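Engineer: pasted the sequence and its predicted model underneath.
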Amino acid sequence: MNVEEDGEMLSNFGIGISEIEETYTAEREGAVEMMKEVIRLSDKHQMFTFREKPQREKVNNQNLTRYALRINKAALEPFYNDLKSYAGNLETESEAVKDFVQEFVDDVAFLEYIKTEKFDAEFDYSDKNTTLTLWTDGEGYPVMIESQNRIVPNDDVDNQKLRDKQVKLILNLELGGLNESVNVVVPEEVASLVDHMNLLFGGVREKGEIAVVKGSISELRAEAELFYDEANSYGEVPLAICDAQEDSMFAEDSVIKYFDQIKENLGEDQNIMCMSTKDAYAVSTPLPGDEGLYYCGDSSGFAGEVEGHITGVSCDTAQGEGGPFGEKEETSGLDETQEG
């Protein structure tokens, strides 16, 4: 799921409201139980904290309590792990719950991404430039939710009108008129939300997928060495798309799980190339994005970006333009910095 897909989902939100309502009505029990668990775990890990002391104020002739909230970054990982554990033991026939688990809980890319320095920087930026406010009535029921976001477009944004500019995005949700009919009027000559998102943001989701690829390739090297220590060989496997080749490191579940992890996040058609001999091996796969880069790991201890697929048992053999199925470029294709 990338920025464009997320934008399309939000842009078409109004179209799917009736379907969501029908699904919720049919599967209410399972959905409510899942919501209760999410709330319980959120409370357990204190996912939300107060930016300031709650205040009483009058809004639209109503006496309300105002809460300025912020997300607790330290709670994200333990909350997500507990939710993942709960979902793993969940027995339900609710399609809505299954879809929620598949879309948001079984998300290895997100879990890897929140451990990176890039996420720390982006979260801190968001925390400084985003405010989330909740108003409740005298009985504690939510009445209004408001999110304010200060957005600074990327320096390389194409639209000259947005250069050196800032955007304040305010989303306000008022809860009222429940079960009353709604007439949605779409104004003419407006840009879709996906257009704005693509214009203002890079690829946050893409960064998480890149982290999964790099982490998986790097970590499988340790499993390869354990296999070699026991078998005194990596196994004889000719250059091919990775498969569970018998009598080789690529047949080990501890190695296969990293290939599966990559495909779960980037798709089953993700092209992962492998080759091994008795004393050497190499693995390569494309990285998400438009740069055309690949990520490679081999028995020398190298793990880094290259410009194509391997053609032998070393990342030094990586070729441009897609490797052995494309034309070789006159370049070493190696990153100067090797990650051990």
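Structural biologist: Alright, I've got the coordinates. Bear in mind that the values here come from a model prediction, so they are computed numbers and not experimental data.
Engineer: residue ranges for the strands of the protein, please.
Structural biologist: 48-50, 55-59, 62-71, 130-136, 142-151, 167-174, 237-241, 273-276, 281-286, 294-298, 303-306 (DSSP state E).
Engineer: which helix runs longest in the chain?
Structural biologist: helix 204-231 (DSSP state H).
Engineer: buried ones in it?
Structural biologist: For helix 204-231, the neighbour count (16 or more other CB atoms under 10 Å) marks 205-221, 223-224, 227-228 as buried. Yep, even glycine has a C-beta here, placed from its N, CA and C like the rest.
Engineer: where does the chain dip in pLDDT?
Structural biologist: Across the chain, the ranges flagged by pLDDT under 70 are 1-31, 92-104, 106-107, 153-164, 177-179, 191-206, 290, 320-340.
Engineer: can you pull the contacts of the residue lying farthest from the centre of it?
Structural biologist: The C-alpha centroid of the chain is most remote from residue 61, which lies 41.8 Å away (CA atoms, centre = their mean). Counting by CB atoms under 8 Å, 6 or more residues apart in numbering, residue 61 touches no other residue.
Engineer: and it, how far from residue 67?
Structural biologist: From residue 61 over to residue 67 the distance is 20 Å, taken as CB to CB, to the nearest Å.
Engineer: with residue 109 instead?
Structural biologist: Relative to residue 67, and taking CB to CB, residue 109 is found at 31 Å.
Engineer: neighbour-wise, which of these two wins?
Structural biologist: residue 109 (24 against 19; other CB atoms under 10 Å).
Engineer: contacting residues for that one?
Structural biologist: Counting by CB under 8 Å, 6+ apart, residue 109 touches 205, 208, 209, 211, 212, 265.
Engineer: what about the last one, neighbour count?
Structural biologist: If I follow you right, that is residue 265. Neighbourhood size, residue 265 [other CB under 10 Å]: 24.
Engineer: and residue 234, what is it in contact with?
Structural biologist: Residue 234 is in contact with 224, 227, 228, 248, 249, 276, 277, 278, 279, 280, 281, 299, counting by CB under 8 Å, 6+ apart.
Engineer: quick one: residues contacting the residue sitting nearest the centre point of the chain.
Structural biologist: Centroid-nearest residue in the chain, with CA atoms, centre = their mean: residue 110, separated by 4.0 Å. Residue 110 makes contacts with 80, 208, as judged by CB under 8 Å, 6+ apart.
Engineer: and the chain, what are its domains?
Structural biologist: Domain assignment for the chain, taken from automatic domain parsing, gives 3-177+191-202, 209-325.
Engineer: deepest of these, which one?
Structural biologist: Mean neighbour count (mean count of other CB atoms under 10 Å) peaks for domain 209-325 among the domains of the chain, with a mean of 19.
Engineer: show residues contacting stretch 119-132.
Structural biologist: Contacts of stretch 119-132 (CB under 8 Å, 6+ apart): 51, 68-71, 73, 113, 145-152, 204, 207.
Engineer: scratch that, stretch 246-258 is what I was asking about
Structural biologist: For stretch 246-258, the external contacting residues (CB under 8 Å, 6+ apart) are 216-217, 219-220, 223-224, 226-228, 234-237, 242-245, 274, 276, 281.
Engineer: chain center to it, what's the gap?
Structural biologist: 26 Å (CA atoms, centre = their mean, to the nearest Å).
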